[in-house]
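K.L.:
below are the sequence and a predicted model; questions follow.
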Amino acid sequence: MLQPSHQSLQVAAVPAPRVPVRDRNQDAPWHTEAVCRRDEAGLFFAPSKEPTASRLSREEAAKRVCARCPVMVECREHALLQPEPYGVWGGLTAAERRVVLARRRRREVELKKAAHTSAGPIAAAG
Ligand code: SF4
């Protein structure tokens, strides 16, 4: 949750109980192996009005936990697909996930354009 345009994240950063949220997702057995199942340190979600320096420090600590988590890839994909608007998931902050999603959308558009361009003449010739 990076600073500038993310004031809403700060405001809405009431930490949802991490495990219950995941337990509601019956299709995601990966969460049973989540290292953060008990986030006693409160690393993954911002408390309200968290100072920037504290937030950056907390997020880095959360990312270190994610780096040793056996389900980091699954967690990250889950957070991207939902999408999860708050907190650190799969080693990415909400802002970082938005960047990844924007890149994916751009790539999808480019691929569709390329497919359309290459399909046109071939379809016409066939
Ligand atoms: S990758 Fe991080 S946020 Fe995801 S389950 Fe593991 S520790 Fe939790």
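P.N.:
Noted; the coordinates are in hand. Computed from a predicted structure; not experimentally measured.

K.L.:
quick check: residues of this protein near the ligand?
P.N.:
Neighbours of the ligand within the chain, by C-beta under 6 Å from any ligand atom: 34-36, 44, 65-66, 69, 71-72, 75, 88-91. To be clear about C-beta, it is placed using only N, CA and C from the backbone, and glycine gets the same treatment.

K.L.:
need the buried ones from those residues selected in PyMOL.
P.N.:
Buried residues among the residues of the chain next to the ligand (16 or more other C-beta atoms under 10 Å), as a PyMOL selection:
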select buried, resi 34+36+44+65+66+69+71+72+75+88+89+90+91
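
K.L.:
from the residues of the chain next to the ligand, pick the one nearest Ala53.
P.N.:
Distance to Ala53 across the residues of the chain next to the ligand (C-beta to C-beta) is lowest for Val88, with 16.5 Å.

K.L.:
per-residue confidence for that closest one?
P.N.:
With respect to pLDDT, Val88 has a value of 97.

K.L.:
what's the nearest residue to it if we skip its chain neighbours?
P.N.:
Ala62 (4.0 Å; C-beta to C-beta, 6 or more residues apart in numbering).

K.L.:
and for the one you found, the neighbour number?
P.N.:
23 (other C-beta atoms under 10 Å).

K.L.:
over to Glu40?
P.N.:
Around Glu40 there are 6 residues (other C-beta under 10 Å).

K.L.:
the residue nearest to Val88: helix or strand, and which one exactly?
P.N.:
Assigned by DSSP states H and E, Ala62 belongs to helix 52-67.

K.L.:
contacting residues around that helix?
P.N.:
1, 3, 35-36, 41-44, 46, 50, 72, 75, 88, 90-91, 93 (C-beta atoms under 8 Å, 6 or more residues apart in numbering).
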